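K.L.:
Give me a 3D structure for the following:
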Amino acid sequence: MDTRLETVTRLAQPHRRAILVALLWLTVAAGLLFAVLNLIYGSAILAMAELLMVVYAGALLLVVQVTQYIERWIVAFVLPFFCVMMFALTVPRASASIFAWVLVIPVLSHLLLGRRQGLIIALLFLTIAAVIFFIKHGDNPELMQALPIANIVLISLCILSFSHVYEMSREKSELTLLRMAQTDFLTGLANRARFKDSFEREKQRALRENQPMSLLVIDLDYFKSVNDRFGHETGDKALVYVADLLTRRLRATDQVCRLGGEEFGVILVDTNAELAAQVAEHMRHSLETEPFILGGQTIALTMSIGLAEFRHDGDSLRSLLGAADQRLYQGKAQGRNQVIGRVSEADDSSLNTSAIVG
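P.N.:
As a prediction, this is how the structure comes out:
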């Protein structure tokens, strides 16, 4: 499952859970009603199937309120629910009006399963329902006229299309809002919230694949003087310049964020401390040798960088940020414009890597 689909699924969980709970209660109430009616009208087999769904729905009500795997339980209910619906269509005593229930399939499929799985499941059961309809009523001249058939097909396609378009629009809107909430308004980089999400995701991957991971904390040196001399508007443009420089110097798989003020954070995936020091030194050197120029005015900028390695310096974002911060301030105390971090597993002391790499 790709990252975008993971995000969509996670965002949809609360409202899908609420819809499933509502559907389960409706299944219990309607299932009891129709079971009684079918017993009265002599459809004992269908009544038994409906009572089984009532018991199943009641049991799921105890589970879905607390489970962390709501998507699995949705599938576990929707498939038998639609199968019982298809079975009801085949009952000889059932009238043609029962096929009206088929129209809820696209709506429920998209609301509960999303646009991809929802479309597949909806098309599957709509096709099954159509086959049952033609087998059961194919010899009924009144129902087989072109106008009734065209109405049924067009209504089904409209509901399917509207359900799919609505779900696409909802997913896009939620992703847009999430991106806005997790993006720094000035630089366009990730903010702390997205940085934390990225770290947790990469942490799980690093543990699963036994891969290294490093974290950098970057702070611009004497940046207050830039604001004081040239104004905050120029300072903001300088931050945007630095953000662009960092992004260009990193891989697409790495994550850079603005932690706040003139401080940035970087997650380097599949990167041990030694390689991370080289990456950090390359960025430090790039900023030092590529000054920010605005309106013919050259504004020299430098950065100090603290480095921490996953597992060696901690296994949580908080512990790694703490270790990297400590080394960052050590670099500040030693004169700024340098990278401080663990270079090798054998060396447990913090080292000035600008002196080694540069």
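
K.L.:
and the strand or helix carrying Ala29, what does it pack onto?
P.N.:
Per DSSP states H and E: Ala29 is located in helix 3-40. Counting contacts by 3 or more CB pairs under 8 Å, 6 or more residues apart in numbering; DSSP states H and E, helix 3-40 packs against helix 44-64, helix 70-90, helix 104-137, helix 146-181. No exception for glycine: its C-beta is placed from N, CA and C like everyone else's.

K.L.:
Would you mind listing the buried residues in that helix?
P.N.:
By neighbour count with 16 or more other CB atoms under 10 Å, helix 3-40 contains the buried residues 7-8, 11-12, 16-17, 19-20, 23-24, 27-28, 31, 34-35, 38.

K.L.:
again, but for stretch 48-66
P.N.:
49-51, 53-54, 56-57, 60, 64.

K.L.:
likewise stretch 207-223?
P.N.:
Quick answer for stretch 207-223 (16+ other CB under 10 Å): 212-221, 223.

K.L.:
Report the secondary structure state of Arg93.
P.N.:
coil (DSSP: H, G, I helix; E, B strand; the rest coil).

K.L.:
since we're on Gly341, how many residues are nearby?
P.N.:
30 (other CB atoms under 10 Å).

K.L.:
That one - nearest residue in space that isn't next to it in sequence?
P.N.:
Computed as CB to CB, 6 or more residues apart in numbering, the closest residue to Gly341 that is not its neighbour in sequence is Leu307, at 2.6 Å.

K.L.:
and Phe199, which of the helices and strands packed on helix 3-40 is closest to it?
P.N.:
helix 146-181 (16.8 Å; CB to CB).

K.L.:
that older thread, which of the buried residues of stretch 48-66 sits closest to Val339?
P.N.:
Using CB to CB, Val64 is the member of those that lies nearest Val339, at 50.6 Å.

K.L.:
Pull the contacting residues for that closest one.
P.N.:
Contacts of Val64 were listed using CB atoms under 8 Å, 6 or more residues apart in numbering, and they are 17, 20-21, 24, 70, 73.

K.L.:
now, among the residues you listed, which is nearest to Glu274?
P.N.:
Ile70 (43.1 Å).

K.L.:
my read: the closest one touches Arg16, true?
P.N.:
Yes - Ile70 is in contact with Arg16 according to CB atoms under 8 Å; the separation is 6.2 Å.

K.L.:
Tell me the helices and strands packed up against the helix or strand harbouring Arg284.
P.N.:
Take DSSP H and E as the rule and Arg284 turns out to sit in helix 273-289. In terms of contacts (3+ CB pairs under 8 Å, 6+ apart), helix 273-289 is packed against strand 213-220, helix 232-249, strand 263-269, strand 303-309, strand 339-341, helix 353-357.

K.L.:
Quick check: buried residues in stretch 128-145?
P.N.:
Buried-residue list, stretch 128-145, by 16+ other CB under 10 Å: 128-130, 132-133, 136, 143.

K.L.:
So which of these is the closest to Phe195?
P.N.:
Ile128 (47.1 Å).

K.L.:
Now do that closest one, the pLDDT please.
P.N.:
For Ile128, the model assigns a pLDDT of 96.

K.L.:
now swap in Gly138 and tell me
P.N.:
pLDDT, read off for Gly138, is 83.

K.L.:
Thr3 too?
P.N.:
At Thr3, pLDDT is 61.

K.L.:
for the one 10 residues further on, same thing?
P.N.:
The confidence metric pLDDT takes the value 85 at Gln13.

K.L.:
cool, and Val8?
P.N.:
pLDDT at Val8 comes out at 67.

K.L.:
Next, the contact list for the most far-flung residue of the chain relative to its centre, please.
P.N.:
Distance from the centre of the chain peaks at Pro141, with 51.0 Å (CA atoms, centre = their mean). For Pro141, no contacting residues are found, by CB under 8 Å, 6+ apart.

K.L.:
so it, which of the three states?
P.N.:
Going by three-state DSSP: Pro141 is coil.

K.L.:
where does it sit relative to Ile155, distance-wise?
P.N.:
Relative to Ile155, Pro141 is positioned 21 Å away (CB to CB, to the nearest Å).

K.L.:
With Leu250 instead?
P.N.:
Leu250 is 52 Å from Ile155, by CB to CB.

K.L.:
same question, Leu20
P.N.:
For Leu20, the distance to Ile155 - CB to CB - is 25 Å.

K.L.:
if we can go back for a sec, tell me the most buried of the helices and strands packed on helix 3-40?
P.N.:
For these, average neighbour numbers computed from mean count of other CB atoms under 10 Å are highest in helix 104-137, which has a mean of 19.

K.L.:
what's the burial count for the residue lying closest to Thr302 once chain neighbours are set aside?
P.N.:
Leaving aside its sequence neighbours, Thr302 sits nearest to Asn337 (CB to CB, 6+ apart; 4.0 Å). Per other CB under 10 Å, the neighbour tally for Asn337 reads 19.

K.L.:
Arg311: what secondary structure?
P.N.:
coil.
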